[in-house]
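Engineer: what's the 3D shape of this:
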Amino acid sequence: FGAMHGTIMVFLGIVPLAVGAFGNYIVPLQIGAVDMAFPKLNMASYWSFFVGGTVMLASFLAPGGAANSGWTSYAPLANLATVGQTIWIIGMIFLITSSLLGAVNFITTIFQLRAPGLTFMRLPFFVWAQLVTAFLLLLAFPPLEAAGIMQLMDRVAHTSFFMPSGLVVSGKPLEISGGGNVLLWQHLFWFLAHPEVYVLILPAMGIVSEIIANNTRKPLWGYKSMVYSVLFLGFISFIVWAHHMYLTGMGTTISAFFQATTMIISIPSVVILTCLLLSLWGGSIRFNTPMLFALAFLPMFGLGGLTGLPLGLNTPDIHLHDTYYVIGHFHYVVAPGTIFALFAGIYYWFPKVTGRKMNEILGQIHFWPSLVAMNFIFMPMFIQGLAGISRRLYDGGAQYAHAQGYLHLNAVMSIAAWSLAIAQIPFIINIFWSMFKGKKVENDNPWDATTLEWATPTPPGHGNFLKDPVVYRGPYEYSVPGATKDFTPQNQENV
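Structural biologist: The predicted model follows:
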């Protein structure tokens, strides 16, 4: 279950929505382009994703069930698992190919198709986030694709890339050529999987930045600092992967190196978060539904990042590794973090996509229970993890004496999880009701925003813009002294 939950949520859920959907729809509009640079490559990326997702979900029907070696697919367990693991790997190879094709398209589009006057330091922060994300996908996914093919060969062609000599299974020596290295898989996997965390969070930061600037009616505080931070964050994310592997016996010297880089990578994240918090100061804040989700993102992502620091230090990681603490940390980053940002983006850009606004009352009913339930699901995990309760226990820890005082938290988390699921019902109703019955927008720019996507017809037609836009200013010209309105669009020549 853990393997399919992780891969479905990350590779079939968040990445397709944060990068594929928001990126493909919003990036061309924000840079003044008529389309992505390579439409056919875009279609190839989609169909590769479709095939990969279909194959992966089909593994549920395989004898012995779907993949059952965890979402990390560690060897040698993954090499010896049921046929569902083979189907899972094939699906992953198609999904990785989809991301690589999309990454090439995003990079080319942002570099080549920007409107006249749209210099790099006039790009909305959302575009910067998508650009860095595309580079992460392009550079980090190939090693995992190669590793996936090698693991597939280990399973179907009886190679031994990740199969060491001398393995004994059920009391019998395994007849393989041997000589492989199980840690090689971990290195190749985590070289992708840690940048993958930023693939999940950077688009979320970009969405939240657009919404905070719009709903505070003031420019983002420290825009250039945020840009330099996201660039540095993308670079250093490639040299922190082995902090997931402290317990493999890599040695104190290399552990100290990855410990240092892990502490350093927290700095750009703190800079971006601080800039967003400072942007709230003195703003005329509009507490609409997208802004509520964006505001909730800030402390939730902050908690996720803060709780990650002990895991980045090799000494406390001895106690915390593979406990529920790790689950709580990761999910605070991607659940009330990234997913809240995605909800914010849906509520914010829905009027541009459909020409109708989503219902605010249903939006509030969706937000508040979701916020409460998220915290009741994941906060108890920190308590259980600090108590030493391991993850992936079939009975939730009931067999361990040291877990007895914390088993009641399992019921708390389960109730909260069901509550979170129920809280999504107003959102689903809101989506479909607003498509047909929602209040129609009065103009193409219902939020009084400054970026180029609001200069298109609503919804945008073929070619996006009625005339080629020209950019005269930065992306967040709100409340400019002497201006006639409290927002000045990027394509407006005179204030």
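Engineer: which residue ranges of the stretch 101-250 of the chain form helices?
Structural biologist: 125-156, 182-216, 223-236 (DSSP state H, counting those that start in this stretch).
Engineer: now this protein, which segments are flagged as low pLDDT?
Structural biologist: 495 (pLDDT under 70).
Engineer: all strands for it, in order.
Structural biologist: Counting by DSSP state E, the chain has strands at residues 168-169, 172-173.
Engineer: about what we covered before: among the helices of the stretch 101-250 of the chain, which is the most enclosed?
Structural biologist: Comparing those by mean neighbour count (mean count of other C-beta atoms under 10 Å), helix 182-216 ranks first with a mean of 24. To be clear about C-beta, it is placed using only N, CA and C from the backbone, and glycine gets the same treatment.
Engineer: check the offset of that one from the chain's centre.
Structural biologist: Distance of helix 182-216 from the chain centroid (C-alpha atoms, centre = their mean, to the nearest Å) equals 5 Å.
Engineer: also stretch 427-444?
Structural biologist: Its chain's average C-alpha position is 26 Å from that of stretch 427-444, according to C-alpha atoms, centre = their mean.
Engineer: got the CA coordinates for it in CSV?
Structural biologist: Presented in CSV, the C-alpha positions along stretch 427-444 are these (Å, rounded to 0.1, in the frame of the first residue of the first chain):
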residue,chain,number,x,y,z
PHE,A,427,-14.6,21.5,-2.9
ILE,A,428,-15.9,18.9,-5.4
ILE,A,429,-19.4,20.4,-5.3
ASN,A,430,-17.9,23.9,-5.7
ILE,A,431,-15.9,22.9,-8.8
PHE,A,432,-18.7,21.4,-10.7
TRP,A,433,-21.4,23.8,-9.6
SER,A,434,-19.2,26.8,-10.4
MET,A,435,-18.5,25.6,-13.9
PHE,A,436,-22.1,26.0,-14.8
LYS,A,437,-23.8,28.2,-12.2
GLY,A,438,-20.9,30.2,-10.7
LYS,A,439,-21.0,34.0,-10.8
LYS,A,440,-19.7,35.2,-14.2
VAL,A,441,-16.7,37.5,-14.0
GLU,A,442,-17.4,41.1,-15.0
ASN,A,443,-14.1,41.5,-16.9
ASP,A,444,-11.0,39.7,-17.9
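Engineer: from here on, call the first residue 307.
Structural biologist: Sounds good: first residue 307 from here, last item stretch 733-750.
Engineer: pull the residues that contact it.
Structural biologist: 649, 652, 656-657, 660-665, 668-669, 672, 760-764 (C-beta atoms under 8 Å, 6 or more residues apart in numbering).
Engineer: rerun at 7 Å
Structural biologist: 656-657, 660-665, 668-669, 672, 760, 762-764 (C-beta atoms under 7 Å, 6 or more residues apart in numbering).
Engineer: quick one: buried ones out of those residues?
Structural biologist: Neighbour counting with 16 or more other C-beta atoms under 10 Å marks 656-657, 660-665, 668-669, 672, 760, 762, 764 as buried within the contacts of stretch 733-750.
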